[in-house]
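Colleague: Can you look at this prediction? I've put the sequence above it.
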Amino acid sequence: MSTSQAATVSILLRTKDRPLFLDRALKKIKAQSYPHWHIHLLNDGGNEEQVQTVLAQHDEAFLNHVTVMHNPAPVGRGRALSQLLCAASETYLLLHDDDDYLEPDFLRVTVNFLETPKNAHCAGVVASNSDIIEAVTPGGLRELSRDATSGKRTNGYISFLSFLSQSNGVFPPISTLFRKSAVKEATTDSYTRNYNEDVDLFIDLMKHGELATLDETLAVYSIRATNTEDDTTRPVKEEQTILYMNSKIREALSKGDTLNTLRSLLNADRGYADYTGALLQTSHEDIIKHIVESNVHIQKNIKLLAEILENLNHKVSSIEKNMK
């Protein structure tokens, strides 16, 4: 890596007891065609010796661009994210889980995009990504399949309304470079949940500006196959998603949070839409008619909600004026 320029990208790398994945992630970062990065590596309560063994495989020049932090006990994904956000001072940030990895031109393309003046309104940029299914075997990591379609995006923008309607988000953190300025107010308590913390992060980013999308496939999201020797994957269960959305609704009600109130209503309609979408596969004319009517109902609900929110905003503005 070149040392002629200070780092402009901070790679926030979370790891815990996955040395094979950590080793691959570091090698892929080292292979980036854009050289001005710094790794903030957080070992969240995992085996410190394993991390040091992986790092020892790299030369001193590489290690000069790595800051290592060890938590004596796990603090969880959300608090680990908050800790890393506070540790980073670079212009651009990338949230990087150890099992995912970057294609060689990821940083070059995404940094160039955000540094282009016409994209100054963007809080971040989301590249297309491949999804791979892989297994941990006695011989190392083995890729079983690769899908470049589900993570394929066009050149455009993430729809804020669509993102709010997804309780689990619509893209992985590894595909997204974002501005430090959009999260400059982050504290060690900004994100505390152990799942969907990235969803909360991206909603906060979109409050500050657009998330642009690129059609270039520049990142890889890893999914573990079943019946492997790897027990490090912790998939989000349906009940966790329910608890997450319930907590967001409670927060919205207690704080008068219009954004999360909107999000909770959109998620309710989203579940209904998913159900009717499944029924569509039966191709019965009566069911198709029912789905069409349901979609109309959903659109009316969204329109009505927008009108309600607009009226609320007018009332709040009126109250604020009277209080002055």
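Modeller: Nice, I can see it.
Colleague: any idea of the mean pLDDT for stretch 132-147?
Modeller: Computed over stretch 132-147, the mean pLDDT rounds to 93.
Colleague: Check the offset of that stretch from the chain's centre.
Modeller: When distances are taken as C-alpha atoms, centre = their mean, to the nearest Å, stretch 132-147 is centred 23 Å away from the chain's centroid.
Colleague: Show me where the stretch 151-300 of the chain has its strands.
Modeller: Counting by DSSP state E, counting those that start in this stretch, the stretch 151-300 of the chain has strands at residues 156-157, 176-179, 210-224.
Colleague: I'd guessed R142 sits against A135; true?
Modeller: Yes - with contact defined as C-beta atoms under 8 Å, R142 counts as touching A135 (5.0 Å). The way it works is simple: take the backbone N, C-alpha and C, and place the C-beta from them, glycine included.
Colleague: Looking at the two, which one has more neighbours?
Modeller: Neighbours around R142 and A135, counted as other C-beta atoms under 10 Å, are more numerous at A135. The numbers are 16 against 11.
Colleague: ok, that one to E143 distance?
Modeller: Applying C-beta to C-beta, to the nearest Å, the value for A135 to E143 is 8 Å.
Colleague: any low-confidence regions in the stretch 201-324 of the chain?
Modeller: Applying pLDDT under 70 to the stretch 201-324 of the chain picks out residues 226-245, 247-249, 252-253, 256-257, 260-262, 264-300, 315-316, 318-324.
Colleague: Below-threshold pLDDT in the stretch 1-150 of the chain: ranges please.
Modeller: Looking along the stretch 1-150 of the chain with the criterion set at pLDDT under 70, you get 1-4.
Colleague: where do the helices sit along it?
Modeller: With helices called from DSSP state H, counting those that start in this stretch, the stretch 1-150 of the chain shows them at 19-30, 48-55, 60-63, 77-87, 106-115.
Colleague: chain center to the longest one: distance?
Modeller: Once both centres are worked out by C-alpha atoms, centre = their mean, helix 19-30 turns out to sit 19 Å from its chain's centre.
Colleague: try stretch 93-100
Modeller: 9 Å.
Colleague: quick revisit: output the helices of the stretch 1-150 of the chain as CSV; include the columns distance to A306 and mean neighbour count.
Modeller: Formatted as CSV, the helices of the stretch 1-150 of the chain follow (distance: least, C-beta to C-beta, whole Å; neighbours: other C-beta atoms under 10 Å):
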stretch, distance to A306, mean neighbour count
helix 19-30, 42, 20
helix 48-55, 49, 16
helix 60-63, 52, 11
helix 77-87, 31, 21
helix 106-115, 31, 19
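Colleague: Could you dump these into a markdown table with distance to S181 added?
Modeller: Formatted as a markdown table, the helices of the stretch 1-150 of the chain follow (distance: least, C-beta to C-beta, whole Å):
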| stretch | distance to S181 |
| --- | --- |
| helix 19-30 | 23 |
| helix 48-55 | 30 |
| helix 60-63 | 28 |
| helix 77-87 | 12 |
| helix 106-115 | 11 |
